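Peer 1: Okay, here's the prediction I keep looking at, along with the sequence it came from:
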Amino acid sequence: MEGTTLSQGTFTQPATAIAQTFAIPAGFDYLEVTNYTQSAAGAAANGFKFYWQLGYPNGIMTSLINTAGVVTADVTAANALTIYDPSVETIGALDNGGAGVTGFTAANPAVVTDVGSNVPANSIVIFSSLNNQPQYNGIPFTAGIGTHTANTFSVDYLNATGSTPSTAGHFRIIPYNPLFYPSVRVITNITAATQAVVTLSVQHNYQIGQEIRFSFPGGSAYWANYAALDGVQATVVAVDNALGNGHNTITVNVNTTGFGAFAFPAQAIAGLPYTPASVNPFGENTATAYQNIPQLSSFMSARTNTGFIGVTLAPGALLPAGVANDVVYWVAGKSSYGGS
């Protein structure tokens, strides 16, 4: 392939398959994806070879499907492949094309019903107009890891017990994370413990040694048990980056024994504009970082631009990111002579 710049890589799906996003710094005019696991699989129909060429419509890929050893050719659904460029991303369609929220449970985690929404696992969503739970409007949440059907999805890091279930509302998928690491993250729970364990609404990716500052706007009128933490600085001493309910936490060197249960503002208060509680990173505790992650020379600064150009592959049996535990390889090419 004279005049072509090649990039390649691999990924393995976790136990719950999620959309896979990775960098292709040189850009690409074509992408070939091979699902090694499904190449040898037998019974159910699963795609094992996918191809995309510049000019294909709507992120569609051509595909080969293995069904009990019989190979057939097909094309994928739209948006099987999406160019990832956070500098030009726009928010998703209202309700991701679904009929609108008709249920938002008071559970841990909350589960949303929105017929036809097809929310992919590990999406980031923002709710609006929830009729009975306005305290959750406007907050980014990781969704769909525990439950993701065509009509329902979980809000994986939200314990909504104690609220009144919503029967109407809307949401949009936000197709990007903030460009700068580490990011400000919204707090959804804090334990009362000698070292507080903090659950955050979206995958955090914090590291041990990161310095954070708590923000509880509105004081005790909004945050009865935890307003005293407003402005308190702390060091991250442990992290849990696993996917799904009960994970996505940081442990900090702050004693919250006796603080009681964490709760969002009362629904009557949250009907007014308010700012949710958050963790705001501002630097590092170098000694702690070196002790726990000795291979790190430094975090370099309190903020690092992590933006990149790449691609997002959709998960599914007939889609390029595959299903649970699949091992997938990819090769991308960029032509020096143009790919149009």
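Peer 2: Thanks, I have it. Model, not experiment: these values are computed from the prediction.

Peer 1: Which parts of the stretch 151-300 of the chain are helices?
Peer 2: 267-270, 286-292 (DSSP state H, counting those that start in this stretch).

Peer 1: how's the protein carved up into domains?
Peer 2: Following automatic domain parsing, one finds the domains of the chain at 4-85+309-335, 94-173, 180-305.

Peer 1: Now render these as TSV, adding mean neighbour count and mean pLDDT.
Peer 2: Placement of C-beta: from N, CA and C, glycine included. As requested, these are exported to TSV (neighbours: other CB atoms under 10 Å; pLDDT from 0 to 100):
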stretch	mean neighbour count	mean pLDDT
domain 4-85+309-335	17	91
domain 94-173	20	94
domain 180-305	17	83
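
Peer 1: center of the protein - which residue?
Peer 2: N122 (4.3 Å; CA atoms, centre = their mean).

Peer 1: what about that one, distance to T72?
Peer 2: As judged by CB to CB, to the nearest Å, N122 and T72 stand 29 Å apart.

Peer 1: For the stretch 151-300 of the chain, which segments count as strands?
Peer 2: In chain order, the stretch 151-300 of the chain shows strands spanning 152-155, 170-173, 180-181, 185-190, 197-200, 210-215, 233-240, 249-252, 278-284, with DSSP state E, counting those that start in this stretch as the criterion.

Peer 1: Looking at the ones you listed, which is nearest to K49?
Peer 2: strand 170-173 (28.1 Å; CB to CB).

Peer 1: For the closest one, give me every contacting residue.
Peer 2: By CB atoms under 8 Å, 6 or more residues apart in numbering, the residues outside strand 170-173 that reach it are 91-96, 100-101, 112, 114, 117, 119, 123-129.

Peer 1: Ok, stretch 260-274 next?
Peer 2: Residues from elsewhere that reach stretch 260-274 (CB under 8 Å, 6+ apart): 132-137, 162-164, 187, 189-192, 217-218, 221-226, 276.

Peer 1: and if we set it to 7 Å?
Peer 2: By CB atoms under 7 Å, 6 or more residues apart in numbering, the residues outside stretch 260-274 that reach it are 132-135, 162-164, 189-190, 192, 218, 222, 225-226.

Peer 1: okay if I get the residues you listed as a markdown table plus distance to T251?
Peer 2: Compiled in a markdown table, the contacts of stretch 260-274 are given as follows (distance: CB to CB, whole Å):
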| residue | distance to T251 |
| --- | --- |
| N132 | 33 |
| Q133 | 28 |
| P134 | 30 |
| Q135 | 25 |
| G162 | 24 |
| S163 | 26 |
| T164 | 31 |
| N189 | 13 |
| I190 | 11 |
| A192 | 13 |
| G218 | 25 |
| Y222 | 24 |
| N225 | 19 |
| Y226 | 16 |
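
Peer 1: quick one: which two of these are the most distant?
Peer 2: Most distant of those, by CB to CB, are N132 and A192, 27.2 Å apart.

Peer 1: circling back: can I get the strands of the stretch 151-300 of the chain in TSV with distance to Q38?
Peer 2: What follows is the strands of the stretch 151-300 of the chain, written out as TSV (distance: least, CB to CB, whole Å):
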stretch	distance to Q38
strand 152-155	25
strand 170-173	27
strand 180-181	33
strand 185-190	35
strand 197-200	34
strand 210-215	39
strand 233-240	31
strand 249-252	34
strand 278-284	40
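
Peer 1: The spatially closest residue to H247 that is not a sequence neighbour and A263: what is the separation?
Peer 2: Nearest non-adjacent residue to H247, counting by CB to CB, 6 or more residues apart in numbering: D240, 5.0 Å away. Using CB to CB, one obtains 22 Å as the distance from D240 to A263.

Peer 1: How about L54?
Peer 2: 51 Å.

Peer 1: A314 is in contact with N79, isn't it?
Peer 2: Yes - in this structure, A314 is within contact of N79 by CB atoms under 7 Å, at 6.3 Å.

Peer 1: and Q207, how far is that from T90?
Peer 2: For Q207 relative to T90 (CB to CB), the value is 30 Å.

Peer 1: sorry, that was for H247
Peer 2: For H247, the distance to T90 - CB to CB - is 29 Å.
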